[in-house]
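1. what would the 3D arrangement of this be:
(one chain, ligands or ions: 1)
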Amino acid sequence: MTSTLLSLANIEKRFGELRAVNGVSLDIRENEFFALLGASGSGKTTLLRMLAGFDMPSSGHILLDGHDISQVPPNHRPVNLMFQSYALFPHMTVAQNIAYGLEMEKLPRTEINERVDEMLSTIQLTHLAERKPEQLSGGQRQRVALGRALVKRPRLLLLDEPLGALDKKLRGEMQLELKHIQNTFGITFIVVTHDQEEALVMADRIAILKDGELLQCGSPHEIYEYPVNRFAADFIGVMNFLPARVDSGALRAVNGSRIAAPLPADLKPGDNALAAVRPERLRLGVADADNCLNGRISAMAYHGLDLHLHLETPVSPHPVMVRLTADAAEGHPFSVGEEVSVGWSARDTRVFTA
Ligand SMILES: Nc1ncnc2c1ncn2[C@@H]1O[C@H](COP(=O)(O)OP(=O)(O)OP(=O)(O)O)[C@@H](O)[C@H]1O
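-> Numbering: from 1, shown residues only. Okay, the predicted model is just below:
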C-alpha cells in the first residue's frame, strides 16, 4: 500500500465573489500519476498554482508528508511546475537548459554533468544536446522541458496541459512516454488536462472538477464504469442516455419497453430517470424482452476496425451510438436506412436522476 504524499483539506480559493476552487479535499499518493480533469474555468489551474505556491488558498490546508505547506513560498517547496508554454531559454542549448536549475542550486560541476547526461539519455535527446530550442520539434521541446523539471528530482511534479501544444498523433505517443518516464523516476505527477481521453490513458487516478468543486475521484476504470452522476457520465467518453420512468423494480423507456438495471436507492416509482449505456456495451440482434431497442441506421463510420453506428430509435431524442468490434460486425453488411435490434445487460446499465 503506497502512502499519501499530498493532502488537500477543504481548499477554497476566492477571487472576489467567485469561488474558483470550492471545498476540494483530496489525497494524492506517493508515485502516483494523478490527473485533474475539467472543462475550461473549472478551477484546475487555480488548484495547481496553489500546489506550486504561486497562489495561497483563501481557506483550507495543503499538507506534504503531513506538514502544512499552504503558506510556504514556491522556491521552498519540493515541488516543480512545468508550464504549458515550456518557457525554455532560447539562447541556451538543450544541455544548458537542463543544467540551469542545478547550477542555480550551486551543485558541483561533475555532479551537474552527470545528472544532465543521465537526463538526456532518459529523454532520448543525447544526440541533440548542443541544439538550441528553435532547432527542435514540438515533441523534442516538450521533452527538454520535462527533463529540465525532472533533473531537480522534485517530490512532486505539476504539469499544466503538458501536451497541449502537440498535434494529435504526437500527443498519443507522448502520453505513453510521459507515463513511462514517470514510472522510471517514481516521482508523483499531477497533470492538468481538459482532455478526458488523455486523462484516461495516462493517469492512475483522475479527479473531475466542475465549477471549482470535486465531482468524482477514482481510477480511470471506476470513472468510466461508475460515473457518479449524469454530468460525469457525459463528460467521460460517449454515453447513450435513454429517458425513462421508474416502475416497480425497473424502468420503462418512453415507448413502454422495460429496462432492467440496478436502481439507485433514492429513486421512487413514478420518478423520471435516465438509463445510461456505453456504445461498446450494446450488442447486435438481442431479442430479449428487457434491455432491447430497435432502430434505423442513420449514419455509420469505421474507426480503425471498429464500426460505429448511429441509430434513430423511438426511445431517445438523440441517435443511439453503437460501437461494434470487427468480430461483432463481421458477416453483417450494414447500410444506412437498415433496421437493427440491439440489446444490453442490466449489469451494464447505469441509472441517474433526470
Ligand atoms: N487571478 C484571477 N482573478 C480572478 N478570477 C480568476 C483568476 N484566476 C482564475 N480566475 C477565475 O477562476 C475560475 C477558474 O479558473 P482556472 O484558470 O482555474 O480554470 P481552468 O479549469 O484551469 O480553465 P482552463 O482550462 O481554461 O485553463 C475561472 O472562472 C477564472 O476566470
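2. drop to CA atoms for contacts and neighbour counts, all remaining ones
-> Will do.
3. state the pLDDT value of Tyr86.
-> On pLDDT, Tyr86 comes in at 67.
4. again, but for the one 4 residues further on
-> The pLDDT attached to Pro90 in the predicted structure is 92.
5. what about Ile69, how many residues nearby?
-> For Ile69, the neighbour count with other CA atoms under 10 Å is 21.
6. kindly apply the preceding question to Met300 instead.
-> 17.
7. next: the one 10 residues further on.
-> Other residues near His310 number 20, with proximity taken as other CA under 10 Å.
8. what is it paired to in the beta sheet?
-> When assigned by DSSP bridges, His310 has beta-bridge partners Ala299, Met321.
9. can you name every helix or strand that the helix ranked longest in the chain contacts?
-> Of all the segments of type helix in the chain, defined by DSSP state H, the longest one is helix 168-185. Secondary-structure packing of helix 168-185 (3 or more CA pairs under 8 Å, 6 or more residues apart in numbering; DSSP states H and E): helix 196-202.
10. past the helix it packs on, which element shows up next along the chain?
-> strand 205-210 (DSSP states H and E).
11. re the thing from before, give me the residues contacting the longest helix of the chain.
-> 31, 33, 122-123, 139, 163, 188-189, 198, 201-203 (CA atoms under 8 Å, 6 or more residues apart in numbering).
12. repeat that with 6 Å
-> Contact partners of helix 168-185, identified using CA atoms under 6 Å, 6 or more residues apart in numbering, comprise Met202.
13. angle of whichever helix or strand comes after it against strand 205-210?
-> Once the chain leaves helix 168-185, the next helix or strand it forms, by DSSP H and E, is strand 188-193. Per axes from the mean of the first three to the mean of the last three CA atoms, to 10 degrees, the angle that strand 188-193 makes with strand 205-210 is 40 degrees.
14. do strand 188-193 and the ligand meet at all?
-> No - figure legend: strand 188-193 not in contact with the ligand (CA under 6 Å from any ligand atom); closest approach 7.2 Å.
15. contact partners for Lys13?
-> Here Lys13 is in contact with 19-21, 57-58 (CA under 6 Å, 6+ apart).
16. which one of the residues you listed is nearest Asp266?
-> Using CA to CA, Val21 comes nearest to Asp266 of those, at 28.5 Å.
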